[in-house]
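Enquirer: Let's see this in three dimensions:
(one chain, ligands or ions: 2)
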Amino acid sequence: MIIAKALTIAGSDSGGGAGIQADLKTFQELDAYGMSIITAVTAQNTLGVHGVYPVPIEGIVEQIDAIGNDMGTNALKTGMLFSSEIIEAVSERIHHYQWDNVVIDPVMIAKGGAKLLQDEAVNALIDTLIPLSTVVTPNIPEAEMITNRKINTVEDRKKAAKDIVQMGATSVVMKGGHGSADDVVDLFFDGETFVEMTSPRIDTRHTHGTGCTFSAAITAELAKGVEIKQAVLTAKDFIRAAIETELGIGEGHGPTNHWAYKKRSVKSF
Ligand SMILES: Nc1ncnc2c1ncn2[C@@H]1O[C@H](COP(=O)(O)OP(=O)(O)OP(=O)(O)O)[C@@H](O)[C@H]1O
Ligand SMILES: Cc1ncc(CO)c(N)n1
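Expert: Ligands and ions are numbered 1, 2, ... in the order given. This is a model prediction of the structure:
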């Protein structure tokens, strides 16, 4: 049996709904063998981020080398990278190991408002990481930061997606979770064609870690050899099932239900 291997390079969420923990749960549910590089430890629950402790660069590089020198990976994603130094070190190692199927979730701010990426690190993201990516998955505020554009209309989104491809990304999914329209529209662009992936907005406050879970699902699918557009469609199904069947854990923005997709075999696309 060939085992698909998937790697996450991200921050730890003690609450288990986002970050490394969401990624590993998602990899497991989608039948990929999960591995992790921890870039920062957060003290976090459904009420917010209470502390951020970046791992020293040598510790991050040593974790990556431990995987690169032995196990390898079929796909990887990045999440919380926190500083330009971490972004540069991670980019250099991805390049060194010639890893492909690279999913960049440009995590910047947690739902409660805590900064998970320092402002000055956006340039390092653009210069070193985006050019290595198979797909970049910004939400609207992240796409605004990366492209330095205000995004209000669908046309604005398309222009921003084109800008990100110009920066060296192979494809982009601009996520539409933020906002209050009846439908959530994720815009996929592969450099040539735009595809709007639309689903009904689910009315819930339990959306902690939706972005992490979505990008982890794309990564697991790429690890198994699925092509990018289909990987994104499956990820949208996965996150939809996970949001629809909330667990009701915690007093604030609770985690999504990582079991739901496999248990229900939801297929809506
Ligand atoms: N209320 C919702 N109903 C249906 N789908 C949603 C909802 N909220 C988010 N999604 C889906 O979840 C995925 C992640 O989108 P979102 O815009 O929430 O990412 P994000 O802001 O990066 O998340 P995070 O806050 O975890 O970083 C997308 O596929 C989006 O369509
Ligand atoms: C560690 C971590 N990564 C990403 C997010 C974004 O959801 C978060 N809240 N925490």
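
Enquirer: contacting residues around I9?
Expert: Each residue near I9 by CB atoms under 8 Å, 6 or more residues apart in numbering is listed here: 36-37, 39, 60, 64, 76-79, 81, 90. Placement of C-beta: from N, CA and C, glycine included.

Enquirer: for it, helix, strand, or coil?
Expert: With DSSP: H, G, I helix; E, B strand; the rest coil as the basis, I9 sits in strand.

Enquirer: pLDDT score assigned to it?
Expert: I9 is assigned a predicted lDDT (pLDDT) of 98.

Enquirer: Excluding sequence neighbours, find me the nearest residue to it.
Expert: I37 (4.3 Å; CB to CB, 6 or more residues apart in numbering).

Enquirer: and the one you found, what element?
Expert: Assessed by DSSP states H and E, I37 sits inside strand 33-45.

Enquirer: Output the contacting helices and strands for that strand.
Expert: Using 3 or more CB pairs under 8 Å, 6 or more residues apart in numbering; DSSP states H and E, the elements in contact with strand 33-45 are strand 5-13, helix 19-29, strand 48-54, helix 57-66, helix 84-96.

Enquirer: Tabulate those in JSON lines, adding columns for distance to T134.
Expert: Output for those, formatted as JSON lines (distance: least, CB to CB, whole Å):
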{"stretch": "strand 5-13", "distance to T134": "13"}
{"stretch": "helix 19-29", "distance to T134": "16"}
{"stretch": "strand 48-54", "distance to T134": "26"}
{"stretch": "helix 57-66", "distance to T134": "18"}
{"stretch": "helix 84-96", "distance to T134": "11"}
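
Enquirer: mind checking which of the ones you listed is nearest K224?
Expert: K224 lies closest, by CB to CB, to one member of the helices and strands packed on strand 33-45: strand 5-13, at 8.7 Å.

Enquirer: Could you give the separation of that closest one from the chain centroid?
Expert: 10 Å (CA atoms, centre = their mean, to the nearest Å).

Enquirer: Keeping just the C-alphas, turn that strand into PDB.
Expert: Written as PDB, here are the backbone C-alpha positions of strand 5-13 (Å, rounded to 0.1, in the frame of the first residue of the first chain):
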ATOM      1  CA  LYS A   5       2.300  11.800   3.400                       C
ATOM      2  CA  ALA A   6       1.200  15.400   4.200                       C
ATOM      3  CA  LEU A   7       3.200  17.900   6.300                       C
ATOM      4  CA  THR A   8       2.000  21.000   8.100                       C
ATOM      5  CA  ILE A   9       4.400  23.900   9.000                       C
ATOM      6  CA  ALA A  10       2.300  26.000  11.400                       C
ATOM      7  CA  GLY A  11       1.500  27.100  14.900                       C
ATOM      8  CA  SER A  12       0.100  25.000  17.700                       C
ATOM      9  CA  ASP A  13      -3.400  25.900  19.000                       C
END
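
Enquirer: Which strands border that strand, and is each parallel or antiparallel?
Expert: Paired neighbours of strand 5-13 in the sheet (DSSP bridges): strand 33-45 (parallel), strand 75-78 (parallel).
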